[in-house]
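> Could you look at this predicted model? Sequence included:
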Amino acid sequence: MDMLQLRDAIPSYAKDVWITLDGALNRSGLAPEVAAAAGIAAAISAGSPQLVEAFQGLTTEAEATAAKTAAAIMGMTNIWYSYLELADDAELKTQPPQIRMQAYATHGGVEKKHFEIYTLAASIVGKCRGCVTGHIAELKKLGITAAELRDIGKLAAAVNATSKLIKLS
């Protein structure tokens with residue numbers, strides 16, 4: 001699925017979703033290839049292979065691979081840390097998660113700031129409070145602005161909504 005097919009797959013009653021997604025990809029504080037890769041991470045978290053395919057042509061192979069790596073890791077950690085929050089068990093919280101995250105140390109092969117953007121996009125869709133706040137804090141250390149954080153959140157929200165809409169078409 002390319003972007004034109006994606007646009008056509010969104011029902012007319014959801015025009016606002018398309019306009020938001022298009023703006024997040026093409027008119028935000030994020031470089032277009034970074035926004036597209038963040039879209040890949042969010043699309044994987046939303047379970048939408050069609051969106052992954054659509055966004056992949058808008059970024060580099062390195063950024064796409066890093067976004068996929070970020071989403072894979074966040075697929076585990078979003079659940080783990082949400083589980084800890086839901087369990088609210090002091091003893092359980094002392095246990096190491098024993099979740100392998102070696103790729104996190106290498107930033108998936110791209111600039112650390114980009115990788116953090118991808119982990120944040122995936123975590124927003126994954127609805128993990130601890131991961132979202134942790135990645136925002138790290139991105140602030142890396143110099144990201146509030147407007148860029150807004151754009152990542154807007155992108156994740158639009159990707160999540162789009163994934164649901166294209167499942168209906």
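Right, received. Where do you want to start? Computed from a prediction, not measured in an experiment: that's the story for all the values here.
> mean confidence score for the longest helix along the chain?
Assignment by DSSP state H gives helix 61-87 as the longest helix of the chain. The pLDDT scores in helix 61-87 average 96.
> residues making contact with stretch 42-49?
For stretch 42-49, the external contacting residues (C-beta atoms under 8 Å, 6 or more residues apart in numbering) are 51-52, 55, 67-68, 71-72, 74-75, 78, 121-126, 155-156, 159-160, 162-164, 166-167. Any C-beta I mention is one placed from the backbone N, CA and C, and that applies to glycine too.
> how about a cut-off of 7 Å?
For stretch 42-49, the external contacting residues (C-beta atoms under 7 Å, 6 or more residues apart in numbering) are 51-52, 55, 68, 71, 74-75, 121-122, 125-126, 155-156, 159-160, 163, 166.
> Would you mark the buried spots in it?
42-46, 48 (16 or more other C-beta atoms under 10 Å).
> closest to residue 35 among the residues you listed?
residue 42 (10.3 Å; C-beta to C-beta).
> Mind listing residues that contact the strand or helix carrying residue 150?
Taking DSSP states H and E as the criterion, residue 150 maps to helix 146-168. Helix 146-168 has contacts (C-beta under 7 Å, 6+ apart) with 9-11, 14, 17, 20-21, 24, 28-30, 35, 38-39, 42-43, 46-48, 50-51, 117, 120-121, 124-125, 136, 139.
> how far out from the middle of the chain is that helix?
Put simply, helix 146-168 sits 9 Å off its chain's centre (C-alpha atoms, centre = their mean, to the nearest Å).
> go on, stretch 118-128?
For stretch 118-128, the distance to the chain centre is 5 Å (C-alpha atoms, centre = their mean).
> List the buried residues for that stretch?
Neighbour counts using 16+ other C-beta under 10 Å place 118-126, 128 of stretch 118-128 among the buried residues.
> Thanks a lot, see you next time.
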